[in-house]
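# fold the following, please.
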Amino acid sequence: MPDTVSLPSSSTVSPLPGAAVLWRVQRLLGWAIGAAFAYSLIGGASKATCAGGVTGDGGYLDGAGRATDAAPLCLTVTLEPSGFAYAVIAVIVFATTTGVVRRAVDPSDAIRRLDRAVVGIVVFVLAWTLITQASFAGISLESWDGAGPFFLEGIRFGNIVTDVSPMAG
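Now for the predicted structure:
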(Lines give C-alpha, C1' and ligand atoms only; values in the text may rest on other atoms or scores of the structure.)
Protein backbone atom coordinates (compact mmCIF):
# COMPACT_ATOMS: atom_id res chain seq x y z
CA MET A 1 0.00 0.00 0.00
CA PRO A 2 1.46 3.39 -0.98
CA ASP A 3 2.17 6.03 1.65
CA THR A 4 0.58 8.86 -0.34
CA VAL A 5 -2.93 9.35 -1.54
CA SER A 6 -3.12 9.60 -5.30
CA LEU A 7 -5.34 12.39 -6.52
CA PRO A 8 -6.94 12.44 -9.93
CA SER A 9 -5.39 14.88 -12.38
CA SER A 10 -7.09 18.24 -12.66
CA SER A 11 -8.09 17.56 -16.27
CA THR A 12 -10.32 14.63 -15.40
CA VAL A 13 -13.91 15.13 -14.35
CA SER A 14 -15.02 13.90 -10.96
CA PRO A 15 -16.94 10.62 -10.86
CA LEU A 16 -19.71 12.53 -9.12
CA PRO A 17 -22.97 12.13 -11.06
CA GLY A 18 -23.58 15.31 -13.04
CA ALA A 19 -20.04 16.62 -12.63
CA ALA A 20 -19.62 17.09 -16.39
CA VAL A 21 -22.82 19.15 -16.53
CA LEU A 22 -21.72 21.24 -13.54
CA TRP A 23 -18.41 21.85 -15.27
CA ARG A 24 -20.27 23.12 -18.34
CA VAL A 25 -22.47 25.37 -16.21
CA GLN A 26 -19.31 26.85 -14.70
CA ARG A 27 -17.91 27.29 -18.21
CA LEU A 28 -21.12 29.03 -19.31
CA LEU A 29 -20.90 31.44 -16.38
CA GLY A 30 -17.23 32.13 -17.12
CA TRP A 31 -17.97 32.90 -20.76
CA ALA A 32 -20.93 35.09 -19.80
CA ILE A 33 -18.83 37.12 -17.36
CA GLY A 34 -15.95 37.32 -19.84
CA ALA A 35 -18.23 38.42 -22.68
CA ALA A 36 -19.83 41.07 -20.46
CA PHE A 37 -16.39 42.35 -19.46
CA ALA A 38 -15.19 42.38 -23.07
CA TYR A 39 -18.34 44.24 -24.11
CA SER A 40 -17.65 46.82 -21.39
CA LEU A 41 -14.24 47.42 -22.94
CA ILE A 42 -15.19 47.50 -26.63
CA GLY A 43 -18.79 48.73 -26.41
CA GLY A 44 -17.94 52.41 -26.04
CA ALA A 45 -16.80 55.21 -28.32
CA SER A 46 -16.91 58.98 -28.52
CA LYS A 47 -16.45 61.87 -30.92
CA ALA A 48 -16.59 65.62 -30.52
CA THR A 49 -16.58 68.88 -32.43
CA CYS A 50 -16.53 72.56 -31.60
CA ALA A 51 -18.26 75.15 -33.78
CA GLY A 52 -15.73 77.94 -33.59
CA GLY A 53 -12.38 78.38 -32.02
CA VAL A 54 -9.92 80.66 -30.28
CA THR A 55 -8.19 83.73 -31.77
CA GLY A 56 -4.53 84.52 -31.32
CA ASP A 57 -5.27 87.19 -28.72
CA GLY A 58 -7.37 84.87 -26.52
CA GLY A 59 -10.80 85.80 -27.89
CA TYR A 60 -13.33 83.41 -29.39
CA LEU A 61 -14.64 82.75 -32.88
CA ASP A 62 -18.17 81.56 -33.56
CA GLY A 63 -19.12 78.85 -36.06
CA ALA A 64 -19.07 81.34 -38.94
CA GLY A 65 -15.56 82.58 -38.07
CA ARG A 66 -16.65 85.94 -36.58
CA ALA A 67 -15.08 87.26 -33.38
CA THR A 68 -17.30 86.93 -30.31
CA ASP A 69 -17.07 87.40 -26.56
CA ALA A 70 -18.92 84.18 -25.73
CA ALA A 71 -17.17 80.83 -25.80
CA PRO A 72 -18.44 78.71 -28.71
CA LEU A 73 -20.34 75.55 -27.99
CA CYS A 74 -18.75 72.12 -28.26
CA LEU A 75 -20.58 68.88 -28.88
CA THR A 76 -19.50 65.53 -27.47
CA VAL A 77 -21.35 62.36 -28.50
CA THR A 78 -20.58 59.25 -26.47
CA LEU A 79 -21.58 55.63 -27.05
CA GLU A 80 -21.75 53.83 -23.71
CA PRO A 81 -22.16 50.10 -23.14
CA SER A 82 -25.87 49.35 -23.02
CA GLY A 83 -27.68 47.65 -20.17
CA PHE A 84 -29.65 45.82 -22.84
CA ALA A 85 -26.60 43.70 -23.71
CA TYR A 86 -26.02 42.72 -20.08
CA ALA A 87 -29.70 41.86 -19.71
CA VAL A 88 -29.62 39.62 -22.80
CA ILE A 89 -26.54 37.80 -21.46
CA ALA A 90 -28.29 37.24 -18.12
CA VAL A 91 -31.49 36.03 -19.82
CA ILE A 92 -29.51 33.55 -21.93
CA VAL A 93 -27.77 32.16 -18.82
CA PHE A 94 -30.96 31.89 -16.76
CA ALA A 95 -33.08 30.51 -19.61
CA THR A 96 -30.44 27.93 -20.49
CA THR A 97 -29.86 26.70 -16.95
CA THR A 98 -33.63 26.57 -16.35
CA GLY A 99 -34.11 24.70 -19.62
CA VAL A 100 -31.38 22.21 -18.70
CA VAL A 101 -32.99 21.51 -15.33
CA ARG A 102 -36.49 21.18 -16.76
CA ARG A 103 -36.02 19.65 -20.21
CA ALA A 104 -32.63 17.96 -20.60
CA VAL A 105 -33.11 14.22 -21.05
CA ASP A 106 -29.54 13.15 -20.27
CA PRO A 107 -26.12 14.69 -19.52
CA SER A 108 -25.13 14.90 -23.18
CA ASP A 109 -28.32 16.84 -23.98
CA ALA A 110 -27.62 19.20 -21.07
CA ILE A 111 -24.02 19.73 -22.22
CA ARG A 112 -25.19 20.41 -25.77
CA ARG A 113 -27.67 23.04 -24.53
CA LEU A 114 -25.03 24.71 -22.36
CA ASP A 115 -22.48 24.76 -25.19
CA ARG A 116 -25.05 26.34 -27.53
CA ALA A 117 -25.69 29.04 -24.94
CA VAL A 118 -21.96 29.89 -24.84
CA VAL A 119 -21.94 30.25 -28.62
CA GLY A 120 -25.14 32.31 -28.46
CA ILE A 121 -23.66 34.72 -25.92
CA VAL A 122 -20.47 35.24 -27.93
CA VAL A 123 -22.36 35.72 -31.21
CA PHE A 124 -24.81 38.14 -29.58
CA VAL A 125 -22.06 40.27 -28.00
CA LEU A 126 -20.10 40.44 -31.26
CA ALA A 127 -23.20 41.25 -33.33
CA TRP A 128 -24.54 43.83 -30.88
CA THR A 129 -21.13 45.52 -30.66
CA LEU A 130 -20.86 45.70 -34.47
CA ILE A 131 -24.41 47.05 -34.80
CA THR A 132 -23.96 49.73 -32.14
CA GLN A 133 -20.52 50.77 -33.40
CA ALA A 134 -21.82 51.01 -36.99
CA SER A 135 -24.83 53.00 -35.79
CA PHE A 136 -22.54 55.34 -33.85
CA ALA A 137 -20.16 55.75 -36.78
CA GLY A 138 -23.11 56.93 -38.89
CA ILE A 139 -23.67 59.98 -36.68
CA SER A 140 -22.64 63.10 -38.57
CA LEU A 141 -21.41 66.01 -36.47
CA GLU A 142 -21.01 68.28 -39.50
CA SER A 143 -24.73 69.05 -39.58
CA TRP A 144 -24.59 70.72 -36.15
CA ASP A 145 -24.40 74.51 -36.45
CA GLY A 146 -23.10 75.16 -32.95
CA ALA A 147 -26.05 77.34 -32.03
CA GLY A 148 -28.29 75.00 -30.11
CA PRO A 149 -29.05 71.47 -29.07
CA PHE A 150 -27.98 68.48 -31.15
CA PHE A 151 -30.61 65.95 -32.15
CA LEU A 152 -29.88 62.44 -33.38
CA GLU A 153 -31.65 61.67 -36.63
CA GLY A 154 -32.80 58.22 -37.63
CA ILE A 155 -32.71 54.99 -35.70
CA ARG A 156 -29.72 54.59 -33.39
CA PHE A 157 -28.71 51.51 -31.43
CA GLY A 158 -26.90 51.51 -28.13
CA ASN A 159 -26.80 54.03 -25.31
CA ILE A 160 -25.83 57.34 -26.93
CA VAL A 161 -25.30 60.40 -24.76
CA THR A 162 -24.88 63.93 -26.15
CA ASP A 163 -23.36 66.85 -24.29
CA VAL A 164 -23.35 70.46 -25.52
CA SER A 165 -21.14 72.73 -23.42
CA PRO A 166 -19.08 75.90 -23.86
CA MET A 167 -15.51 75.53 -25.10
CA ALA A 168 -12.98 75.41 -22.30
CA GLY A 169 -10.31 77.95 -22.92
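
# could you pick out the longest helix of the protein?
Longest helix in the chain by number of residues (criterion: DSSP state H): helix 107-137.

# could you check how far that one is from the centre of its chain?
The chain centroid and the centroid of helix 107-137 are separated by 12 Å under CA atoms, centre = their mean, to the nearest Å.

# surely residue 83 meets residue 128?
No: with contact defined as CB atoms under 8 Å, residue 83 does not reach residue 128; the gap is 11.9 Å. The C-beta positions use only the backbone N, C-alpha and C, and glycine is treated the same way.

# neighbour-wise, which of these two wins?
Comparing residue 83 with residue 128 by neighbour count (other CB atoms under 10 Å), the higher total belongs to residue 128, at 20 against 9.

# out of everything not next to it in sequence, what's closest to the more buried one?
Closest residue to residue 128 apart from its sequence neighbours, by CB to CB, 6 or more residues apart in numbering: residue 85 at 5.3 Å.

# from residue 43, how far off is that neighbour?
7 Å (CB to CB, to the nearest Å).

# find the residue ranges of this structure scoring beneath the pLDDT cut-off.
Low-confidence segments of the chain, defined by pLDDT under 70, span residues 1-14, 148, 169.

# can you map out the strands along it?
45-50, 53-54, 60-61, 67-68, 73-80, 159-166 (DSSP state E).

# okay, buried residues for the first one please.
Buried residues in strand 45-50, defined by neighbour count with 16 or more other CB atoms under 10 Å: 45, 50.
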